[in-house]
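Visitor: Show me how the following folds:
(chains A and B)
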There are 2 protein chains.
Amino acid sequence: MVRRERWRQDFSGWFSDILQEADIMDTRYPVKGLYVWRPYGMKLRNLVFSLLRRLHEDSGHEEVLFPLLIPETLFQKEAEHIRGFGGQVYWVTHGGHQKLDVRLALRPTSETSMYPMFALWIRTHADLPIKVYQVVNVFRYETKMTKPLIRLREVTTFKEAHTAHATAEEAEAQVREAIEIYRRFYEELGVPYVISKRPPWDTFAGAVYSIAFDTVTPDGKALQIGTIHNLGQNFAKVYGLKYEGVDGKHHHVYQTCYGISERAVAATIMAHGDDGGLCLPPHVAPIQVVVIPIPFKEKETPVERVAAEVKEELTAAGIRAHLDDRDLRPGNKFYHWERRGVPLRLEIGPKDVEKEQVTAVRRDTGEKITVARSSLQTQVEEILQQIAEHLRGRAKKMLEESVRVAADLKSAKELLKKQGGIVRVPWCGRESCGKQLAEKVEAEMLGEEIDNRPAQDARCPICDHPATGNALLAKTY
Amino acid sequence: MVRRERWRQDFSGWFSDILQEADIMDTRYPVKGLYVWRPYGMKLRNLVFSLLRRLHEDSGHEEVLFPLLIPETLFQKEAEHIRGFGGQVYWVTHGGHQKLDVRLALRPTSETSMYPMFALWIRTHADLPIKVYQVVNVFRYETKMTKPLIRLREVTTFKEAHTAHATAEEAEAQVREAIEIYRRFYEELGVPYVISKRPPWDTFAGAVYSIAFDTVTPDGKALQIGTIHNLGQNFAKVYGLKYEGVDGKHHHVYQTCYGISERAVAATIMAHGDDGGLCLPPHVAPIQVVVIPIPFKEKETPVERVAAEVKEELTAAGIRAHLDDRDLRPGNKFYHWERRGVPLRLEIGPKDVEKEQVTAVRRDTGEKITVARSSLQTQVEEILQQIAEHLRGRAKKMLEESVRVAADLKSAKELLKKQGGIVRVPWCGRESCGKQLAEKVEAEMLGEEIDNRPAQDARCPICDHPATGNALLAKTY
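Guide: So this is what the prediction gives:
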């Protein structure tokens, strides 16, 4: 029933088509790397980010909003940061017909706009911790090939959280909290992931270390879908973020930041799709249940009225239900909502009315289930729950199968070439060995895996020293 | 009890202080006209714009999101539009270290990014109407004095709606719908307004005519808080927005657009404030009820526990309640929440616990009300309702009193000079007379009033022809 051939074999084409056909994005905006969110896509985006906001609010993060424009003077204070982002920044040089005295950067990320203000907010230990987040547009002058939702010049939707703490231990604990938040976020979306500590040469510009979440795309590449950075005191020293401690002395704060972009929406779409189109997890589906009346020739059958009642009953129960009463053939309607990934379809024909039942059809499996009107709400909720679990389980299994262990580096290279996915290799943790590993398997080093440790006797295949962790290697987006 | 002296006599100082003290904005960002939304202000902003979103969704508008960057080539197609905005546009000229081939404008408004895409979306009459909106940041290179929430270089929060219709009549009807939406929005915020048709010389660049909502600030100036434009076929002709009608022929569409910015938050703050600080309408107050335990010396009294219970009870009833159990003196807490405009304070002391009651104190009037625990929820809801009505009524009365009729133009000028507000003058509707009216009273012409007609025998004070409407004149922000 559910084919995933094109989804896997021509993933790029599948993805590009489905964004347009399912009313997610219009990719015809006449500037490279900029796209238009269409209404249905916008609803999906809002549901995904509502979930992420809630997870932040529930853990004591407060929403703020900082300006887009950062003066060059401020932006260039943190030398490493500017080295990391300098080549990718859009610059505003003119206002009206006037040349500006100081060029303004379109934020590529907000450390350099936020932290000078944090310096004004922090006086004593009582002002700490600071835990804030914002959901904003950020800009990167990408020279690589751009791709909607994935590689953008305007990232339209970037949730960035920034924190400041009195001690290094609290900053460490904050990194752990951020990992937990991201785990829960992707669990709820049913998007599988691996977590790794990025290698030193791929650490965020200005950070002490970076942790990243990656998923695997249907065509076998790793896609970064979230990052968490321990900034130590680097920015604090540059921007003068100090607090008066209980000891009466002034100390620099410790900071973290972590972000997730609209790639979360891309990951949700790609994790669960199939050749029929989208297949959305009920939790974030703009329409969870579509109700379709199937009228028979005799127009007296009250299918329309019953369908409307069913829709009302579900809506009243807090389910996002939609009645499709357009003057179209049922088959066209089925196709329309399948493309858009509505998790559950309820068909109501004369026989259903007569027997006081509805026919439920699952988008994920195609399975038909007869549901009694008397237990409609409970059963629909149960089925939606089952769909969520099935999608999560299926996606998780696929990712697990795509993380492989190779006998040696040569076969690791072959594996990545032929099957894609991720290979797991024991690693001594040294930078030089890490770089050689990546070179030898002709892939990128994602980093040292967080959730898995190598066997006790495992050794680094480069230097033969004992392995201190697993390196994850993959072709990346 | 409630003094409004500084609020009126030093409105600018009051406004600037309260934004900082009530945690609404930080105005110290080091670029002119750019400000930082602080957490409490952000919550207020989100509640205000949730209301506005809901009004749009309920009337069939769908949310979309278009890019910030508009290529100069596209932006300059509509000649009048570029004349209207050209001097105010920020230009991106460089990406990384490269000069861009085509300069990119930061949208000052989105007609020129949206309508070329509308041209792709519209094929036949079945694609109409289009009714979409987005909530985005827009940019104006203001050379005048900037002011937080009011005159910005980055308008952080601009709700702009855009529509396309098959006929001129439908576009007219859409203008009326937009007026109704804005009326309901400002009614719910308790912000009073006058509505007028802007004079020809103050029409939106590219529009056939513009309707505007204005309120009056505590220092007697008119402040524009919403605009609605009938664009006719002007943009449709430039960007090629055509549909195939039932007649099989191709016709240009008719369009409207309408916008409200974060000035709606400014208007809410200024309409209801007093010398004690903010006074927020319950509908959008981030905290509607603050519960403050008043412990007595004997620590055995269970005021803390009862206060927590009261908070829980209100939260369960859907009321945004907050328990302030910080280790501070009650007086400090009262002051803190008064500044922030929390509509209702509940004090719980040993006597209250004993008598199974709470003491409610209204922010707007200072009135103390004893509320029985047994009827807590109902009474709190009633009092919040009364506060909303009192605020709305008081603000409305103030605005009505500030719209005056003058015996002649000389006294109109005197009135505006001494008392501010708005004067209402009969007008023949001709542009030359309108300009002379404004000149003679040394004020701006807001436009022809929508909700009021002149007396049948009223005449234009310039040309003595019969008046066709009332001109509204005021000093403006």
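Visitor: how close does the residue in the stretch 251-400 of chain A that chain B sits nearest to get to residue A:273?
Guide: Going by CB to the nearest CB, chain B is nearest to residue A:262 of the stretch 251-400 of chain A, at 10.0 Å. The way it works is simple: take the backbone N, C-alpha and C, and place the C-beta from them, glycine included. Residue A:262 is 16 Å from residue A:273, where distance means CB to CB, to the nearest Å.
Visitor: ditto for residue A:227
Guide: Taken as CB to CB, the span from residue A:227 to residue A:273 is 25 Å.
Visitor: what do you get for residue A:332?
Guide: Distance from residue A:332 to residue A:273, by CB to CB: 21 Å.
Visitor: List the buried residues in the helix or strand of chain A with the lowest mean pLDDT.
Guide: When each helix and strand of chain A is scored by mean pLDDT, DSSP states H and E, helix A:79-85 comes last, with a mean of 77. For helix A:79-85, a neighbour-count test (16 or more other CB atoms under 10 Å in any protein chain shown) marks A:81, A:82, A:84, A:85 as buried.
Visitor: Relative to chain B, which of those is nearest.
Guide: Checking those one by one against chain B (CB to the nearest CB), the nearest turns out to be residue A:85, at 9.4 Å.
Visitor: Am I right that that closest one is in contact with residue A:108?
Guide: Yes - judged on CB atoms under 8 Å, residue A:85 makes contact with residue A:108 at a distance of 4.8 Å.
Visitor: Which ones, among the buried residues of helix A:79-85, also lie beside chain B?
Guide: Among these, no residue lies close to chain B (CB under 8 Å from any CB of the partner chain).
Visitor: Can you say which two of those are spatially most distant?
Guide: For those, the maximum inter-member distance is 7.2 Å, found between A:82 and A:84 (CB to CB).
Visitor: any shared contact partners between those two?
Guide: Residues touching both residue A:82 and residue A:84 (CB atoms under 8 Å, 6 or more residues apart in numbering or on different chains) are residue A:205.
Visitor: Give me the buried stretch members for the longest helix seen in chain A, please.
Guide: Ordering each helix of chain A by length in residues (DSSP state H) puts helix A:376-402 first. By 16+ other CB under 10 Å, the buried positions in helix A:376-402 come out as A:376-377, A:379-381, A:383-384, A:386-388, A:390-392, A:394-396, A:398-399, A:402.
Visitor: can you tell me how far the residue lying closest to the residue of the stretch 251-400 of chain A closest to chain B once chain neighbours are set aside sits from residue A:42?
Guide: Setting aside the residues directly before and after it, residue A:262 is nearest to residue A:157 in space (CB to CB, 6 or more residues apart in numbering or on different chains), at 4.3 Å. Residue A:157 is 10 Å from residue A:42, where distance means CB to CB.
Visitor: More neighbours: which of the two?
Guide: Taking neighbours as other CB atoms under 10 Å in any protein chain shown, residue A:157 and residue A:42 compare with residue A:157 leading, 24 against 21.
Visitor: Tell me which residues touch the more buried one, please.
Guide: Here residue A:157 is in contact with A:45, A:49, A:135, A:137, A:261, A:262, A:265 (CB under 8 Å, 6+ apart).
Visitor: Quick check: it vs residue A:398, distance?
Guide: Residue A:157 is 26 Å from residue A:398, by CB to CB.
Visitor: Same check on residue A:271?
Guide: Distance, residue A:271 to residue A:398, by CB to CB: 8 Å.
Visitor: Give the residues shared as contacts by these two.
Guide: residue A:192.
Visitor: Please identify the helix or strand for residue A:180.
Guide: helix A:168-189 (DSSP states H and E).
Visitor: strand partners of the helix or strand following that helix, parallel vs antiparallel please.
Guide: Proceeding N to C from helix A:168-189, the next assigned helix or strand is strand A:194-197, under DSSP H and E. Using DSSP bridges, the strands paired with strand A:194-197 are strand A:209-216 (antiparallel), strand A:444-449 (antiparallel).
Visitor: Now mean pLDDT, distance to residue A:7 and mean neighbour count too, for those, in TSV please.
Guide: As requested, the strands paired with strand A:194-197 are exported to TSV (pLDDT from 0 to 100; distance: least, CB to CB, whole Å; neighbours: other CB atoms under 10 Å in any protein chain shown):
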stretch	mean pLDDT	distance to residue A:7	mean neighbour count
strand A:209-216	98	13	24
strand A:444-449	97	23	23
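Visitor: Quick one: closest of those strands to residue B:361.
Guide: It's strand A:209-216; of the strands paired with strand A:194-197, that one is closest to residue B:361 (CB to CB) at 48.4 Å.
Visitor: Grab the CA positions of that closest one and hand them over as CSV.
Guide: Provided in CSV are the C-alpha atoms of strand A:209-216 (Å, rounded to 0.1, in the frame of the first residue of the first chain):
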residue,chain,number,x,y,z
TYR,A,209,32.4,22.9,22.2
SER,A,210,29.3,22.2,20.1
ILE,A,211,26.7,19.4,20.3
ALA,A,212,24.6,18.6,17.3
PHE,A,213,21.5,16.6,16.4
ASP,A,214,21.6,15.0,13.0
THR,A,215,19.0,12.9,11.2
VAL,A,216,19.4,10.9,8.0
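Visitor: domains of chain A?
Guide: Annotated domains of chain A cover A:5-272, A:287-383, A:404-474 [automatic domain parsing].
Visitor: Kindly compare burial across these and name the winner.
Guide: domain A:5-272 (a mean of 20; mean count of other CB atoms under 10 Å in any protein chain shown).
Visitor: Show me what secondary structure element comes after the least confident helix or strand of chain A.
Guide: Helix A:79-85 is succeeded, C-terminally, by strand A:90-95 (DSSP H and E).
Visitor: Residues contacting that following strand, please?
Guide: When contacts are defined by CB under 8 Å, 6+ apart, strand A:90-95 is touched by residues A:69, A:72, A:99-100, A:103-106, A:139, A:141, A:153, B:69, B:88-95, B:104, B:106, B:141.
Visitor: which is the next helix or strand following that strand?
Guide: strand A:98-106.
Visitor: Tell me if that next one is near chain B.
Guide: Yes - using CB under 8 Å from any CB, strand A:98-106 reaches chain B at A:98, A:104, A:106.
Visitor: what mean pLDDT does that strand have?
Guide: On average, the pLDDT along strand A:98-106 is 96.
Visitor: Between strand B:90-95 and it, find me the angle.
Guide: What separates the directions of strand A:98-106 and strand B:90-95 is an angle of 70 degrees, with axes from the mean of the first three to the mean of the last three CA atoms, to 10 degrees.
Visitor: partners of strand A:98-106, with directions?
Guide: Assessed with DSSP bridges, strand A:98-106 is paired to strand A:69-71 (antiparallel), strand A:90-95 (antiparallel).
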